[in-house]
Structures are given as C-alpha cells and as structure tokens.
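S.K.: the following block contains a protein sequence and its predicted model.
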Amino acid sequence: MRIVAEVAAAVQAVFGTSIDDLARATRCVQRQRRFSGASLARTLVLTVLMRPAAKNRDFQAMAAKAGVHVTEEAIDHRFSDELVSFLEAVLQQAVSQALAGQASTAALLQKFSDVRIGDSTTLTLPDEFAERFPSCGGSENAALAAMKIQVLWSLLRGQLLGWQITSGRASDAKSEIAEALPPAGSLSVFDLGYFSLERFRRAGEADAYWISRLQHGTKVFDAAGKSLDLPAFLREHGGNGLLDIAILLGEKDRIACRLIAVRVPEEVAARRRQRVRENARDHGREPSQEYLELQGWTIFVMNCGEELLTWKEVVVLYRARWQIELLFKLWKSHNHVAELEAGASPQRQLAVLYAKLIGVVVQHWILLSAAWHDVRRSLRKAAAIVRDWIVLLLAVLDDDERLRDLLGQLAAAVAKTARITRRRKRPSLFQLLENPELLDYTAA
C-alpha cells in the first residue's frame, strides 16, 4: 500500500540521522559522545509512547535498546532549554509532513473533495512559561501559562492538514486553521469558537462548502431581506419540529445560505437552559428570554443546498466534528499529553510534552497505515496495539524493508481487534455516515 511506504519514510525522517543537524543547530548535541540527535529523539519519544509517565530508568532502558548506554543521572542532565528547542524543531518537521490515508468509503463523505474539521485543545504549563505561553486567565486560580494546539484534520483521508501551537490566550477565530482557504469542493465543519461571516464568505467564493451552528446575536434575514425574529418565526413555522429555509446571514455581508432548525427533546432543552443560567450567573448577568427560548432548538447554517445534503445529512456531518474531540481525548487519556511530572523542572516538563506531541504525530501516521481504510476502526483500540509494538518498531527503524513489513503486520493485527461493533440502538457515527436515515429524529 502507498500509505505504508509513506509512513515508513516519514518515521525514518523523524528518527533518522537528518535530525542530527537540528540537534547541533539548537546546541542540544554539540559534541557527540554518546547521544546523537537521532538516538536522543528515539529514546525520548519512543519511551513516552510506551510509558507516558516515564521515569529516568525508563528512558535509560530505551536508550540501551537504541545502543546508547548511559546512567540515569546522564538522562536527567539532558533536560535543558536546548533539548526543548531541539524537540520543538523535530515536532515542526514532523507536522510539516501531512500524510494521507486511503479515502473513507462512506458515501456521505465522498460527496466532497475533502471534509475538514478543526478545533483546539489547551494544555496547562508551569507558571515559568507564562511569558511565552500566557493563558487566558478567567478565574482567580487559573494557571498563568497554557499552550493551545490548533488542529485541522481531514475526516476523509485522516491527514493532519494544519497544526499550530499558540499561547492559551490566542483566539481560535484568528488562528491559522481558521484563516486557511479551503479547496474547491471541500466541506469545513468548525464549532462556534470559529464562527466568522468573513470566513464563510471566503469559503463560498472559493467554491467550498461550510456548516456551522448559528452564533446567537447574528442578524438573520429571510431571502427577500426582511429581518427575522427567530424565536417568533420558529414558534410560527416550526410546529413539526423542523425548519429548513433559505436566509441571508449578517447585518452587512448578507451571506446567502441555508438555515436548518431541529427541535430538541425537552429534557435536552432544560439541561441547556440550566447551563446558560449558570454561565451567566458566573459572569454576573442574566440570560435573555430570547436566548433561553432558542435552547429548545439546534440551529445550523450552511451554504449546502437541499440538492446536496438532506437535513439529516447536515446533522450527521456536524456530529462528525466530534471526532476531533475524540482525537484530543485519545492524546490526553492514552498518551497523557496534558499530564506534567510533579516536581520536575519546567525544562523537563516542557521537553517531555514536546516528546509526547512528536509521539502522537508518529502514532497518527501509523494509525493511518494500519486502520484508516476501515470505516469501523477504533483509533483508541488501535493506539493500544501500537503501544505494545514500540520496541519492535525501534528494532527496525533503520531497515526500510523490515519497517514496511512490520507496519503491514501491525495493520493485520489492528484489523482483527480494533473495530467498532454495529449497534441497532444509537448507531455509531460510521453507521450514520453510511446511512444518514438511521439518525433518530428525537435525538437530533
């Protein structure tokens, strides 16, 4: 398979002798005595892939497997500002390689040249990094430093299309992944943190599609340009729990698009209203009655016409955006990227974090070659199998043929055990992508 060869080449680039130049440029390795840049990266990244809460003895054991025999003290002395700079450079080199798996066979995804989902996740850092990575604050006990990772992900081919590390204070709506112009025929699905009429306009001009939840407070007009009182309009025309109309969006831009409103069950609406009231109370204000009334509906806006997507297909595709949340959950629960070693120096904590981030990128490549072609894949189960194969991976890193063979064996192991079962009640996302009509109207 093409992807196996590409993954093998990318893995060898991250862990090969080419990164020795990065080690020298960052002064991480000035005179090679024991560690080279390549052996150091292998030691750190593969150790945390296998043991996220690694101690010095774990790094020492992996170094020995890589042919470097050092003491635990020597390992500890490696955690410096120079090591942080080196691993940061390796990470940048890794994320520049946007590998693509075999396109999903789900008919709904194949309506588009690509389906792009984007979001961010935030990681708390030691206060010592507050100047470089200031957090957004917001409460008395909030951390002073935080790193935000912006990710743009292809749901069709699995590519990490965009990756940007910013401070926790940085705006999602102004990030690189939000500003990136989507290709013609593609669909972009982001959450409300990225809501932007300008972004919608640019996407439409590029002949690309988008779906979003409606940002409260955005002016809505009917197709003739008459301002809509949305709660009143829904009361009058949404009697059957579904509204699908052409609108103009925005006071100035007046972007021609489509609005779909789906009534939610009353218990869902009640939970939403409770959260709205609690959030407003925390900020010393009261929510408007209009906003509370709209909690009874899920409202989408998009430039996808009825001839392209039914309302159920719109709901399924927006639900698919949750997959990037599951990707972040995998990185946090399986790879423990958000966990910092208690009592460790700030340099060690940040170096280990960068090693983990390199690890999740490499892990993602391996999952592309091993699991992406199967719509029933479970990335969580597949990642657990990858962890068990880390030592085997280290042994074949320098042998292209053996590395490809190992990746092929890994794919076979994943195919047998890392799958999601079909469900009659509450179908899984892969079932809904195959057949959107399985969507339960009352759960929309």
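M.R.: Sure, I can see it.

S.K.: and the residue nearest the centre of the chain, how far is that from residue 135?
M.R.: Taking CA atoms, centre = their mean, the centroid of the chain lies closest to residue 324, which sits 4.1 Å from it. Separation of residue 324 from residue 135 (CB to CB, to the nearest Å): 22 Å. Using the backbone N, CA and C atoms, a C-beta is placed for each residue, glycine as well.

S.K.: kindly report the same for residue 276.
M.R.: Taken as CB to CB, the span from residue 276 to residue 135 is 25 Å.

S.K.: looking at those two, which one has more neighbours?
M.R.: Legend: neighbour count by other CB atoms under 10 Å for residue 276 and residue 135, higher for residue 135 (21 against 17).

S.K.: which residues does that one contact?
M.R.: 124, 142-146, 167-169 (CB atoms under 8 Å, 6 or more residues apart in numbering).

S.K.: let's see that with 6 Å instead.
M.R.: 143, 145-146, 168 (CB atoms under 6 Å, 6 or more residues apart in numbering).

S.K.: out of the residues you listed, who's nearest residue 359?
M.R.: residue 146 (20.5 Å; CB to CB).

S.K.: state the pLDDT value of the closest residue to that closest one other than its chain neighbours.
M.R.: Nearest residue to residue 146, sequence neighbours excluded (CB to CB, 6 or more residues apart in numbering): residue 168, at 2.8 Å. Looking at residue 168, its pLDDT is 93.

S.K.: I'd like the numbering to begin with 33 instead of 1 from here.
M.R.: With the count now opening at 33, the last piece we talked about shows up as residue 200.

S.K.: residues touching residue 200, list them.
M.R.: 154, 167-168, 178, 180.

S.K.: reformat these as CSV; add secondary structure.
M.R.: Shown next, in CSV, are these (DSSP: H, G, I helix; E, B strand; the rest coil):
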residue, secondary structure
154, strand
167, coil
168, coil
178, strand
180, strand
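
S.K.: for ChimeraX, what selects the buried ones among the residues you listed?
M.R.: Those of the contacts of residue 200 that count as buried under 16 or more other CB atoms under 10 Å are selected in ChimeraX with:
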select :154,167,178,180
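
S.K.: now the contacts of residue 200 in TSV, with pLDDT and distance to residue 360?
M.R.: As requested, the contacts of residue 200 are arranged in TSV below (pLDDT from 0 to 100; distance: CB to CB, whole Å):
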residue	pLDDT	distance to residue 360
154	95	10
167	90	18
168	81	17
178	94	15
180	96	11
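
S.K.: of the contacts of residue 200, which is the nearest to residue 111?
M.R.: Of all the contacts of residue 200, residue 111 sits closest to residue 178, with 20.8 Å by CB to CB.

S.K.: hang on, the earlier thing: phi and psi next, for the residue nearest to residue 178.
M.R.: For residue 200, the backbone dihedrals (degrees, to the nearest 10) come out as phi -60, psi -20.

S.K.: what of residue 217?
M.R.: With angles defined as degrees, to the nearest 10, residue 217 sits at phi 80, psi 0.

S.K.: need the helices for the stretch 333-476 of the chain, in chain order.
M.R.: Assigned by DSSP state H, counting those that start in this stretch, the stretch 333-476 of the chain shows helices spanning 343-352, 354-365, 378-403, 411-420, 422-428, 432-449, 461-466.

S.K.: show residues contacting the first one.
M.R.: With CB under 6 Å, 6+ apart as the contact definition, helix 343-352 has outside contacts at 140, 187, 243, 276, 292, 332, 464, 468, 471, 476.

S.K.: closest one of those residues to residue 51?
M.R.: Among the contacts of helix 343-352, and counting by CB to CB, the member closest to residue 51 is residue 187, at 30.6 Å.

S.K.: touching, that closest one and residue 147? I think so.
M.R.: Yes - using CB atoms under 6 Å, residue 187 makes contact with residue 147 at a distance of 4.3 Å.

S.K.: quick one, which of these two is more surrounded?
M.R.: A side-by-side neighbour count of residue 187 and residue 147, using other CB under 10 Å, places residue 147 first with 27 against 23.

S.K.: kindly state the beta-bridge partners for the more buried one.
M.R.: Taking DSSP bridges as the rule, residue 147 bridges to residue 219.

S.K.: OK, contacts around it?
M.R.: The neighbours of residue 147, taking CB under 6 Å, 6+ apart as the test, are 141, 187-188, 219.

S.K.: try it again with 10 Å
M.R.: Contacts for residue 147 (CB atoms under 10 Å, 6 or more residues apart in numbering) come out as 136, 138, 140-141, 185-189, 218-221, 241, 243, 349, 352-353, 355, 465.

S.K.: go on, residue 387?
M.R.: Per CB under 10 Å, 6+ apart, neighbours of residue 387: 72-73, 75-81, 84, 86, 91, 115, 119, 122-123, 369.

S.K.: what secondary structure does residue 284 sit in?
M.R.: Here residue 284 is coil, with the state taken from three-state DSSP.

S.K.: dump the residue contacts of it.
M.R.: Shown in contact with residue 284 (CB under 10 Å, 6+ apart): 229, 251.

S.K.: wait, doesn't residue 81 sit right on residue 419?
M.R.: Yes - judged on CB atoms under 10 Å, residue 81 makes contact with residue 419 at a distance of 6.6 Å.

S.K.: what do these two both touch?
M.R.: Shared contacts of residue 81 and residue 419, defined by CB under 10 Å, 6+ apart, are found at 366-367, 395.

S.K.: of these, which is the nearest to residue 104?
M.R.: Of all the shared contacts of residue 81 and residue 419, residue 104 sits closest to residue 367, with 23.3 Å by CB to CB.

S.K.: for that closest one, which non-adjacent residue is spatially closest?
M.R.: Distance criterion CB to CB, 6+ apart; nearest residue to residue 367, sequence neighbours excluded, is residue 392 at 5.2 Å.

S.K.: any idea how far apart the tips of stretch 138-150 sit?
M.R.: End-to-end distance for stretch 138-150, by CA to CA, to the nearest Å: 20 Å.

S.K.: for that stretch, list every residue counted as buried.
M.R.: For stretch 138-150, the neighbour count (16+ other CB under 10 Å) marks 138, 140-141, 143-150 as buried.

S.K.: one more: stretch 192-209?
M.R.: So, applying 16+ other CB under 10 Å, buried residues of stretch 192-209: 192-200, 202, 204, 207, 209.

S.K.: so where's the stretch 83-232 of the chain uncertain?
M.R.: Along the stretch 83-232 of the chain, the model assigns pLDDT under 70 to residues 169-174.
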